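Enquirer: sharing a model that was predicted from the sequence below.
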Amino acid sequence: MLRSQSRYYWDALVRHEKERMRIIRKSSKQEALHALTFAGWVLLTLFVLYLLFWGTAVVLSVVPGSKPAGGLALTVATMILLITIQRWGRQVWGLLFLAALNALLFAATGYLPSSPSLRISRVEALTLAGLFALSGFLARRYNDSRLNSLDKTALLLFVGSFSFGWMLNSLPVLAIGVAGLGFAWAYNRIQNRRNHDPNPAL
């Protein structure tokens, strides 16, 4: 009887150890998969940014190049942005707040840290920080909801105005994208109030 009990506990210990190793292996595979997924998104983001800024620079004749090739680069970048918009649209608000903090650094130093020879006025830097902060506030709601057609259009308009505004060094062009986010934000608030109002005005 003592031998049978020892055998029982030994088998239970072996099963427990096998289960623990299975869980460890599964967790390791999941971590590796998450790391590969993250690396893939980083590479895709860098690729899209390259296409976006290079295509914009070529189309606007900021850098030499074939305008059809620049237009093709913008088309490919737009398609990728549109396909993946539900993912990056939920995260863009954080990047915008970081950009606002970076613009405040511009205002404090008077130049771009990456290019000390390129001067920037404090008024422009503060305006840029305000536009980025406002955009981050307007895009914050995308983190908790699924994007509709208007939200997608507003985000794509903002990305386009940002790339063109950056190449043209034009804050008004960037402001167009911010206005698009503001319009989508206001429209959705009005729609939500109507949907939750039990006695809508006739």
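Expert: Thanks, I have it. Residues are numbered from 1 along each chain as shown.
Enquirer: show me the contacts for the residue nearest to residue 99 when sequence neighbours are not counted.
Expert: Nearest residue to residue 99, sequence neighbours excluded (CB to CB, 6 or more residues apart in numbering): residue 132, at 4.3 Å. No exception for glycine: its C-beta is placed from N, CA and C like everyone else's. Shown in contact with residue 132 (CB atoms under 8 Å, 6 or more residues apart in numbering): 96-97, 99-100, 103.
Enquirer: can you do 7 Å?
Expert: Contacts of residue 132 were listed using CB atoms under 7 Å, 6 or more residues apart in numbering, and they are 96, 99-100, 103.
Enquirer: got it, and residue 74?
Expert: When contacts are counted by CB under 7 Å, 6+ apart, residue 74 touches 52, 55-56, 59.
Enquirer: one more: residue 191?
Expert: For residue 191, the contact set (CB under 7 Å, 6+ apart) is empty.
Enquirer: following the one helix or strand residue 32 maps to, which helix or strand shows up next?
Expert: In this assignment (DSSP states H and E), residue 32 forms part of helix 2-59. Toward the C-terminus, helix 2-59 is succeeded by helix 67-83 as the next helix or strand (DSSP H and E).
Enquirer: next, the buried residues of that next one.
Expert: Residues of helix 67-83 classed as buried: 70, 73-74, 77-78, 80-81 (neighbour count, 16 or more other CB atoms under 10 Å).
Enquirer: how is the chain divided into domains?
Expert: Following automatic domain parsing, one finds the domains of the chain at 28-83, 85-202.
Enquirer: make JSON lines out of these and add mean pLDDT.
Expert: Formatted as JSON lines, the domains of the chain follow (pLDDT from 0 to 100):
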{"stretch": "domain 28-83", "mean pLDDT": "86"}
{"stretch": "domain 85-202", "mean pLDDT": "85"}
